[in-house]
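[1] quick one, structure for this:
(chains A, B and C)
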Amino acid sequence: MDRWDKMKIIDKENFIFPNIIDYKKDYLKSETKLPEGVVLEKITKGINEIIFDYLNTKEFQGVGEKFTSLAEESYNSGIIFYIPKDVKVESPIKIEFDMDEENPVVINQNIIVAEKGSEGTIIMDYTSSEKVGAFHNGLTKIYAKENSIINIIKVQRMNDISHNFDSNIAIVKGQGQVNWISIELGSGISSSNYSNFLEAEASEANLSSIYLGDGKRKIDLEYSMIHKGPRSISNIETKGVLMDHAKKVFKGNLDFKKGARLSKGIEEEYVILLDPTVKSDSIPALLCHEDDVEGEHAASAGQINENKLFYLMSRGLEEREAKKLIVEASFRPIIDRIPYEIYRNIVVDEVERRLMDGKN
Amino acid sequence: MERRKTYIEDVDRGIYDIKNKFTYRYKSDKGLTPEIIIEISKEKDEPKWMTDFRLKSLEIYSSKPVPTWGADLSGLDMDNIITYVRPDADMGDSWDDVPEDIKKTFELLGIPQAERESLAGVGAQYDSEIVYHNIKQELVDQGVIYTDMETALHQYEDIVREHFMQLIPPNDHKFAALHGAVWSGGSFVYVPEGVNVDIPLQSYFRLNAPGAGQFEHTLIIVEKGANLHFIEGCSAPQYRVTNLHAGCVELYVRENARLRYSTIENWSRNMYNLNTKRAIVDKNGTIEWISGSFGSKVTMLYPMSILKGEGAKSEFTGVTFASTGQYLDTGTKVVHAAPHTISSINSKSISKNGGHAFYRGLLKVTPDAYGCKSTVSCESLMLDNESASDTVPVIKLDNDNIDIGHEAKIGRISDEAIFYLMSRGINEEEAKAMIVRGFVEPITKELPLEYAVELNNLINIELEGSIG
Amino acid sequence: MTKNLLNVKNLKINIEDKEILKGLNLQINEGEIHILMGPNGSGKSTLAYTLMGHPKYEIAEGDIIFNGELINDLRADERAKRGIFLSFQYPEEIPGVTVEEFLRTAKTSVTGKFHGVIAFKKLLKEKMDLLEMEEEYASRYLNQGFSGGEKKKNEILQMSVLEPKLAILDETDSGLDVDAISIVAEGVKRVQDDKKSILVITHYNKLLDYLKPDFVHILLDGKIVKTGGIELAKEIDERGYENIRTKYSN
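    Purely as a prediction, here's the structure:
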């Protein structure tokens, strides 16, 4: 055994990209008028590289260099969202990619910069219409300056013959905050990476996520919290469900660098396994070069609690119904963090559909 | 509990009787060649299958790269591997060559001079048989075998042949292959069906036989319903001039049997400790690992339990204490390969004064191993911010009918806890030492008293002057 | 003539730039029982921690004199050796260290005399019997998994083993049922004699039914605003702190 953690379920090195064609549909949905000074536009080639150079960090790999450089060099879509100092953008920025026969490829680069004391919310929803083997490769970069707050919700519910690769990076300055919600419900192959660099005093990042693996889907998740600043805070809370022949790899990295004194990081992954044919691999790593920190991780895996199941069935629910209810209940706290009802409903519907379609 | 150390006097006599009898017959050669291997085998008068096994291992060794995923092994002189296998005659033959810090530790642990010399590997050229024929007569009468590997190879050739490096095949990794090629010394224990060995067997002195501490092989078979506690090593530093230790430990735990394997490893701080330990457990059998890693410059050690039979169980309790200049990469691997198998892992690490403690674990559940349970707990204590502590547990689950829980925590000694103890009149240094001793208590309580006492002394020595 | 044991003069304590104690004066003579009452946030626990020498509570101004010695700069262990004891409101859990091992170490340290295992076991058993504690407590890990009541009892056990000159009880009565309070009170009384003193810090007066205080002090906003006898405690019990607060806020 030459490597310790051989946990590859997706062969990224040999993955062949589809032909890159334009994505012609409109994906930027926000209608409301934005406060003065806010920039929200579709990304155009050439302009952003200069401004956002500081987002290039060597420590950041995303889902793989091949994928991040594709997104940086050959994107066909994406947004630039800039919030000036002390401006709060109340209404969420909605970005929806609905891949179809004419537009099966989305390679997007999204750049979000929140100046000091500003605030904004972004929702990104990825779907693909039936029978289209769509491809998404994304790169989202967030730069949250002092005292700013960025909320970002990502919903991925592409069909089972699609491929999804998504790299995300957040650089968070003093008392800035980035809150991610990641909903992973679709795509035959889905690989996502969220890397948060907590650069300064009291920088904070929170990542709440759910994933549901069904059919023969393969899910590869990597979440990193890199604490550099003192008193920085991070939370990872992940709830998963695996059924049928689904495979999942979860890597959670809580990394306290020297200087991150008085920082606090918590990482939790709980997965419910519904079928004997699933594969569930996890590496919840805790790395520490600073003594005065509090770091914790917890992981658990197992079937649905028998007592709970029995209780519900004793009230007349069928096993399948009861299981669905319990799974939904485990997702609920995360789903409830999505600040918009319409998206909460979209997510619940998709979860239910997938649970009922399964053989459970 | 009987204090096994009472035979120290016998050992002393043994040392004086045969002092300087052993001489190194080979001058160092550059590479490891089939000729050298054949020579080693011939010298030991081994059966042909063993010579062939060694040669095959050498082939594998030559074809494998040095692993790069864990510790930095660049300090090992791999081009000159022969020097590890056949040290020069004039190396480490004198008490004066033993480093000062080790001499001081001996002193603080209160180890007598003769014993110190033997631990330091300088005066220990005695025939280990003298020590080990002390195995209690009643155990012998019940058919318990406890001897060195060389003797076992001749007297119990069939058993050895059936089990030797079957759990740890030479192609496992480069150092397992090296071990297969050049192994020497070690313990062989056979406990027949239903026999309960009620005193711990210890390999305390065996490791000090010349060459034996380097590539020793331990093979233990505990037959159905039998019970054994085996203790390897001791808490005093073991000093070797040559700094590679690549031993192998293979443990066979049969149906309903129980084996506890305890190790307090405290190699001197120049050692690369690349040890491989593995146990296979049949139906309803139990393996318990008690593992303390204190010494060495670099350690890579992950005792592995393969739970092969239904209802088999493994318990791992480990403490790793990494200080200045040490990189201790330790952990455990458990493979649940049968239904209703149970494992628990309790790992504690302490890092101080620039030491780096790394927990690396593997928990694997195979598709057929339904109804398994496992709990994993990793706790790390950092005593200052010069040090580092990492925890990387790998969890691989291939079926759903399981109950797996994992927890890890990292942090320092809380100021409030120190204040609380100080408010009762205990000074700061002692308060911290008390908390650290409490932290490792799960392992000390599992050890025979003399080891527990030495372990606590060792912690006090480690903490002395570094805090407060 | 009664001898002064503790003399706190114009004590001012700041925590993170906020003044918590604002010039507190308190005198306790040998053999006296004092009750310090005050609402939440008045600085009660701050005083307790400060007297014990918690490094977080830095003395901005004022003196703490114990037995004629200025102890402002002494560490907690040094104060313990001089005979100060604090019963913690929230005792720390120390896994892996047994109550017995801990107390034997503490007793040896405080008295400067070695206490052997066997002799100490006997001493501990006596003290535990008096507090109606099961023997198995001695081998349990210090406060780990103890209920609230068990922790408080354990504090009193420590006090009775260490036999301090001045015992400060910080909210020792909170979280205890009636039976436990009477046992704790008995334990406290046994420690006190004409040389030894007790400072009870509380925000209500459950322990007062058992202890006969010589003085009752009211702490409001970092200062002792009123001192009296047991009747003062009764007044607080009936009318709360508001009455006193309005009187002294002017």
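
[2] burial of B:K445, as a residue count?
    Neighbours of B:K445 under the rule other C-beta atoms under 10 Å in any protein chain shown: 11. (Glycine included, C-beta is placed from N, CA and C.)

[3] repeat that for B:V253.
    32.

[4] what's near enough to touch it?
    Residues near B:V253 by C-beta atoms under 8 Å, 6 or more residues apart in numbering or on different chains: B:V222, B:L259, B:A279, B:I280, B:V281, B:D282, B:G285, B:T286, B:I287, B:A312.

[5] now the third one: closest residue in space that isn't a chain neighbour?
    Think B:A279. Nearest residue to B:A279 in three dimensions, chain neighbours excluded: B:L251, at 3.8 Å (C-beta to C-beta, 6 or more residues apart in numbering or on different chains).

[6] how about the secondary structure of that neighbour?
    Assigned state for B:L251: strand (three-state reduction, DSSP: H, G, I helix; E, B strand; the rest coil).

[7] please name the residues that touch it.
    B:L251 touches B:L167, B:T218, B:I220, B:V222, B:L259, B:Y261, B:K277, B:R278, B:A279, B:I280, B:I287, counting by C-beta under 8 Å, 6+ apart.

[8] apply 6 Å and report the result again.
    In this structure, B:L251 makes contact with B:I220, B:L259, B:A279, judged by C-beta atoms under 6 Å, 6 or more residues apart in numbering or on different chains.

[9] among these, name the buried ones.
    Buried members of the contacts of B:L251, counted by 16 or more other C-beta atoms under 10 Å in any protein chain shown: B:I220, B:L259, B:A279.

[10] can you pull up the bridge partners for the last one?
    To tie it back to what came earlier, the one meant is B:A279. B:A279 has these beta-bridge partners by DSSP bridges: B:L251, B:S305.

[11] if I look at it, how far off is A:S192?
    39 Å (C-beta to C-beta, to the nearest Å).

[12] can you give me the strands in chain C?
    For chain C, applying DSSP state E gives strands covering C:4-15, C:18-29, C:33-37, C:58-66, C:69-70, C:84-87, C:166-170, C:197-202, C:215-220, C:223-228.

[13] okay, those in TSV with mean pLDDT, mean neighbour count and distance to A:A298 next?
    Below are the strands of chain C laid out as TSV (pLDDT from 0 to 100; neighbours: other C-beta atoms under 10 Å in any protein chain shown; distance: least, C-beta to C-beta, whole Å):
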stretch	mean pLDDT	mean neighbour count	distance to A:A298
strand C:4-15	93	18	33
strand C:18-29	93	18	36
strand C:33-37	92	24	42
strand C:58-66	94	16	37
strand C:69-70	96	10	49
strand C:84-87	94	27	34
strand C:166-170	93	25	33
strand C:197-202	91	24	38
strand C:215-220	93	22	42
strand C:223-228	92	17	46
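
[14] in CSV: those strands, plus distance to chain A.
    Output for the strands of chain C, formatted as CSV (distance: least, C-beta to the nearest C-beta, whole Å):
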stretch, distance to chain A
strand C:4-15, 17
strand C:18-29, 19
strand C:33-37, 33
strand C:58-66, 19
strand C:69-70, 32
strand C:84-87, 25
strand C:166-170, 26
strand C:197-202, 30
strand C:215-220, 31
strand C:223-228, 33
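
[15] select, out of the ones you listed, the one closest to A:E269.
    strand C:4-15 (38.2 Å; C-beta to C-beta).

[16] quick one: that closest one to strand C:58-66, angle?
    Relative orientation of strand C:4-15 versus strand C:58-66 (axes from the mean of the first three to the mean of the last three C-alpha atoms, to 10 degrees): 180 degrees.

[17] would you confirm that B:L153 contacts B:V160?
    Yes: here B:L153 lies in contact with B:V160, judged by C-beta atoms under 6 Å, at a distance of 5.2 Å.

[18] so where is the chain shaky, pLDDT-wise?
    Going with chain A. Chain A contains residues with pLDDT under 70 at A:1-7, A:30-31, A:45-59, A:358-360.

[19] that was the other one, I meant chain C.
    For chain C, the stretches with pLDDT under 70 are C:1, C:204-205, C:248-250.

[20] for the strands of chain C, which one sits closest to chain B?
    Chain B lies closest to strand C:84-87 among the strands of chain C, at 5.4 Å (C-beta to the nearest C-beta).

[21] kindly report the residues of chain B close to chain C.
    Contacts of chain B with chain C, taken as C-beta under 6 Å from any C-beta of the partner chain, map to B:416-417, B:419-420, B:422-427, B:434, B:438-439, B:441.

[22] rerun at 8 Å
    With C-beta under 8 Å from any C-beta of the partner chain as the criterion, chain B meets chain C at residues B:414-417, B:419-428, B:430-431, B:434-435, B:437-442.

[23] please pick the buried ones from those residues.
    Listed as buried from these are B:417, B:419-428, B:430-431, B:434-435, B:437-442; burial here means 16+ other C-beta under 10 Å.

[24] got a markdown table for the contacts of B:V253, with distance to B:D72 and pLDDT too?
    Below are the contacts of B:V253 laid out as a markdown table (distance: C-beta to C-beta, whole Å; pLDDT from 0 to 100):
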| residue | distance to B:D72 | pLDDT |
| --- | --- | --- |
| B:V222 | 37 | 98 |
| B:L259 | 34 | 97 |
| B:A279 | 29 | 98 |
| B:I280 | 31 | 98 |
| B:V281 | 34 | 98 |
| B:D282 | 39 | 98 |
| B:G285 | 37 | 98 |
| B:T286 | 36 | 98 |
| B:I287 | 31 | 98 |
| B:A312 | 36 | 98 |
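
[25] can you tell me which of those residues are in strands?
    Using DSSP E, the members of the contacts of B:V253 that fall in strands are B:V222, B:L259, B:A279, B:I280, B:V281, B:T286, B:I287.

[26] that older thread, now, which of the buried ones among the residues of chain B next to chain C lie within helices?
    Among those, the members found in helices (DSSP state H) are B:417, B:419-422, B:428, B:430-431, B:434-435, B:437-439, B:441-442.

[27] report the contact partners of C:L74.
    Contacts of C:L74 were listed using C-beta under 8 Å, 6+ apart, and they are C:G53, C:R82.

[28] next one: B:P339 from chain A, what distance?
    Computed as C-beta to the nearest C-beta, to the nearest Å, the B:P339 to chain A distance reads 12 Å.

[29] ah, wrong one, I meant C:E231
    Using C-beta to the nearest C-beta, one gets 48 Å for the distance from C:E231 to chain A.

[30] could you pull out the strands for the stretch 151-300 of chain A?
    A:163-172, A:177-184, A:189-198, A:204-213, A:218-227, A:233-242, A:247-256, A:264-273, A:279-288, A:294-302 (DSSP state E, counting those that start in this stretch).

[31] export the second one as CSV, just CAs?
    Read it as strand A:177-184. The C-alpha coordinates for strand A:177-184 follow below in CSV (Å, rounded to 0.1, in the frame of the first residue of the first chain):
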residue,chain,number,x,y,z
GLN,A,177,-18.4,35.7,7.5
VAL,A,178,-19.2,33.2,4.7
ASN,A,179,-22.1,30.9,5.1
TRP,A,180,-22.4,28.1,2.7
ILE,A,181,-25.4,25.8,2.2
SER,A,182,-24.7,23.0,-0.2
ILE,A,183,-27.4,20.7,-1.4
GLU,A,184,-26.1,17.7,-3.4
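
[32] what angle sits between that strand and strand A:218-227?
    Counting by the same axes, to 10 degrees, strand A:177-184 lies at 170 degrees to strand A:218-227.

[33] what's in contact with strand A:177-184?
    Under the criterion C-beta under 8 Å, 6+ apart, residues A:142, A:144, A:148-157, A:168, A:170, A:172, A:190, A:192, A:194, A:196, A:203-212, A:219, A:221, A:334-335, A:337-338, A:347 lie in contact with strand A:177-184.

[34] 7 Å - rerun?
    With contact meaning C-beta atoms under 7 Å, 6 or more residues apart in numbering or on different chains, strand A:177-184 is reached by A:142, A:144, A:149-156, A:170, A:172, A:190, A:192, A:194, A:196, A:204-211, A:219, A:334, A:337-338, A:347.

[35] likewise for the first one?
    With contact meaning C-beta under 7 Å, 6+ apart, strand A:163-172 is reached by A:55, A:60, A:62-63, A:67-68, A:71, A:126, A:135-144, A:156, A:158, A:178, A:187-199, A:203-205.

[36] before I go, just wanted to say thanks for your time.
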